[in-house]
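**Student:** Here's a sequence, model it:
(chains A, B and C)
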Amino acid sequence: MEIMEGSRAVAEAVKACRPNVIAAYPITPQTHIVEEISRMVADGELVSEYVRVESEHSAMSVCVGASATGARTYTATTSQGMALMHEVLFNAAGLRLPIVMTAANRSLSAPINIWNDHQDMISERDSGWIQLYSEDAQEASDMIIQAYKIAEDHDILLPVMIGMDGFILTHVHEPVELCSQEKVDDFLPLYDPIQYLTTENPLSFGTIVYPNTYTEFRYMIHEAMKKAERKIVDVASEFQDKFGRYYGGLIDTYEADDADLLILAMGSVIGTAKDAVDELRSEGKKVGIVKVRCYRPFPAEAIVESTKDAKAIAVLDKNISLGYEGALYTDVKSALYGKNGPLAMGFVLGLGGRDINKKTIKNIVAKADKAIKSGIFEAETEFVDLDLEVL
Amino acid sequence: MKLSIGSVTKPGSTRINKTGSWRTFKPIIDIEACIGCGTCSMLCPEGSAYKDNVSGKYAIDYDYCKGCGICAQECPVKAIEMVMEEK
Amino acid sequence: MQEELFAPGHRGCAGCGAAIAARLILKGSGKDVIVVSPTGCLEVISSPYPESAWEVPWIHSLFENAAAVASGVEVALKSLGRKDEAKIIVIGGDGATIDIGIGPLSGMLERGHDVTYVCYDNEAYMNTGIQRSSSTPYGASTTTSPAGKVSLGENRPKKNLPAIAAAHGIPYVGTASIAYPKDVIRKVKKAISIEGPKYLQIHAPCCTGWGFDGSKTIEIGRLAVETALFPIYEITDGKVTSVKKIKRKPVEDYLKVQRRFRHLLKSDRGEEAIKNIQDIADANAEKFGLDL
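**Tutor:** Have a look, this model is predicted:
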């Protein structure tokens, strides 16, 4: 166990996975990850081709070319950088390339803002990338190793992005236990592509597909996503066996068994919510947490199962689908449809780095309590701590 | 046929598409006049003008020739004539 | 039958210049190459699933990122210890290369990747229906720079990408035309033999987009060179090391045989424009010393 910055913890995990090719473009707050990887390459600690590209679009494109050639690839980005990658993200998934990427989650412009929320990854929800969110630096680090194992499985062959909250996790110093190279080598075999660019078998990649088979190709990606649900759970267990750490499968729960009210959220806010729940529990309030680790594929079944005995759920979204509501809230309600589940309430919070503390969580719990008692949730979407004075 | 992962395809597989059916005019090579220079072969967009290894002269693979007429146009000895296809 | 690395059965128009370019490039490279193609006519005509005209490993990703994808292929081969397996060639149109993909291309050239980037230049967006690109020549009518009552068509000269490429300090830049096939083959052979980034721009007339009979693809290409509107030269280590000398013809000889320039022959203002085009040709001839 060593105290280190979250970005370094991620870089160390990347190093342990021995990627052949890394391509990245600097953007706040992802920079410390790629700076640390650059240092490792400069010092000869990591023997990889590091490509200092001229944009995030090219970062992902270099990964596409390298992955299609049979290489293990890594990149990291956030916010505007991820938005610039947008079309390449869809392309990487459609070409079935198991690229792994860290997203130092950050808001999207305008107005420009460099701080944390989940709008960047949420906006790439439909890209065909597996989306995982991490709660702390240790999880962000360990998920890199798990991500390659998931992505490169021949039944999956999909890219994986791992969210870690910008600044909150990228720049925090926490005790982290790094995985030994020997154990990682044992856990994660070399990438064994089913097909790649080679003169020995000169295949064509990225052909044009007509209406007669396009639906089937999209269905194949969808099917691989569904298979990934099982794979993510299995890899989490295998990782636990090997390294002794476990973060849950598609979801994780905290104080959930007898809870009347469950908080559903993703990312670092789970840590804050756990502290708030501990205090509320000591006051006798039956509150618990469902931590959504995997957003795509969406763990609908696991969410229905974990919430079925609660009276109400409060869904926390660090994003907003403008003109509607938080994206997780929409998906959770859709999962609960027709299931006779709990009353569901949506809260949009923490946008652009707005602090979320224990009090924020307790206020949400108080609102939920009121709703449970009255049976009515007043606001369609509650904007937490919204300052009406300045509007 | 099962679809491939990521819509990958096999090399040279357009050969199943016999584009000779597109043709309106057909190049006819006058073997006597042909000097075997290979200009027609070099400039054919389909690669359908080929050298007959026995005669050293050139011939057309009508399976793929689209009848564009570049060969006739560029033949240095005007040994190729474009004639209307009879269908 | 001879080895064909760009197989027949592709969907190119009868008389397609891009298909001729692809064949010639692969004749120059041989089979030990990996080809990257951006979106465009050549990509579409050559890879209708479940078919492919490519006999060499080939990848298409997106419209603007071929140079970055090729960079990735190159570093992957290096990292996997497969560098000797293949040379890497990009074959892309002028829209993908000179417009939308110029950023990734500049990045690839600047970073020094061992990739030969070949642009087949047909001077407009042909795949989408002949829209103007920055490589469309002055005076050409396209579907987005149409000649009209107050317009003579495209009002800007071709962007000079060979000069921009050369400004990156890369070891080799060349231009060629499919009208001179042996020159294309020689330049491709030469380019791939040099370590580092190389840029080749190959003039590839498009019968459908420019408006001429498919049998004239080569003839039109030759006229572009003979009028000095498409000068053929090589730049090695920053210096012009060879030019194709010509017995020069007036630009009208080239303009009058193409529908895209036909409007220039019909008015006084068109006559002015033709003078301007002649000026462009004269400047090219002087700059490169083209006249025999």
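**Student:** Near chain A, which residues of chain B are found?
**Tutor:** Contact residues, chain B versus chain A (CB under 8 Å from any CB of the partner chain): B:3, B:4, B:5, B:6, B:7, B:8, B:9, B:10, B:11. (Each C-beta comes from the backbone N, C-alpha and C, glycine too.)
**Student:** tally of neighbours for the fifth one?
**Tutor:** For residue B:7, the tally of surrounding residues (other CB atoms under 10 Å in any protein chain shown) stands at 23.
**Student:** ok, now the third one?
**Tutor:** When neighbours are counted by other CB under 10 Å, residue B:5 registers 16.
**Student:** Show the buried residues in the residues of chain B next to chain A.
**Tutor:** Buried members of these, scored by 16 or more other CB atoms under 10 Å in any protein chain shown, are B:4, B:5, B:6, B:7, B:8, B:9, B:11.
**Student:** Chain C next: which of the residues you listed are close?
**Tutor:** Checking these against chain C (CB under 8 Å from any CB), the matches are B:4, B:7, B:9, B:11.
**Student:** Now for those: which two are most distant?
**Tutor:** B:7 and B:11 (14.6 Å; CB to CB).
**Student:** Could you look up the SS state of the residue in chain B that chain A sits nearest to?
**Tutor:** At 3.9 Å from chain A, residue B:6 is the closest residue in chain B, using CB to the nearest CB. With DSSP: H, G, I helix; E, B strand; the rest coil as the basis, residue B:6 sits in helix.
**Student:** Flag every buried residue along the helix or strand hosting residue C:280.
**Tutor:** Assigned by DSSP states H and E, residue C:280 belongs to helix C:268-288. For helix C:268-288, burial by neighbour count (16+ other CB under 10 Å) applies to C:270, C:273, C:274, C:276, C:277, C:278, C:280, C:281, C:284, C:285, C:288.
**Student:** what stretches of chain C score poorly on pLDDT?
**Tutor:** C:1-2 (pLDDT under 70).
**Student:** show me where it has helices.
**Tutor:** Assigned by DSSP state H, chain C shows helices spanning C:17-29, C:41-46, C:66-79, C:94, C:102-111, C:161-166, C:181-193, C:207-210, C:217-226, C:252-255, C:268-288.
**Student:** so how many other residues sit close to the nearest residue to residue A:51 once chain neighbours are set aside?
**Tutor:** Residue nearest to residue A:51 in three dimensions, not counting chain neighbours: residue A:23, with 4.1 Å by CB to CB, 6 or more residues apart in numbering or on different chains. Residue A:23: 29 surrounding residues under other CB under 10 Å.
**Student:** what do you get for residue A:143?
**Tutor:** A count of nearby residues for residue A:143, using other CB under 10 Å, gives 27.
**Student:** Could you check how far it is from chain B?
**Tutor:** Using CB to the nearest CB, to the nearest Å, we find residue A:143 at a distance of 25 Å from chain B.
**Student:** One more: residue A:234?
**Tutor:** Taken as CB to the nearest CB, the span from residue A:234 to chain B is 21 Å.
**Student:** ok, now residue A:67?
**Tutor:** 11 Å.
**Student:** what helix or strand is that residue on?
**Tutor:** Going by DSSP H and E, residue A:67 is part of helix A:56-68.
**Student:** Quick check: phi and psi on the closest residue to chain A within the stretch 151-292 of chain C?
**Tutor:** Chain A sits closest to residue C:168 of the stretch 151-292 of chain C, with a gap of 12.0 Å, by CB to the nearest CB. Listed backbone geometry of residue C:168 is phi -80, psi 0, with angles given as degrees, to the nearest 10.
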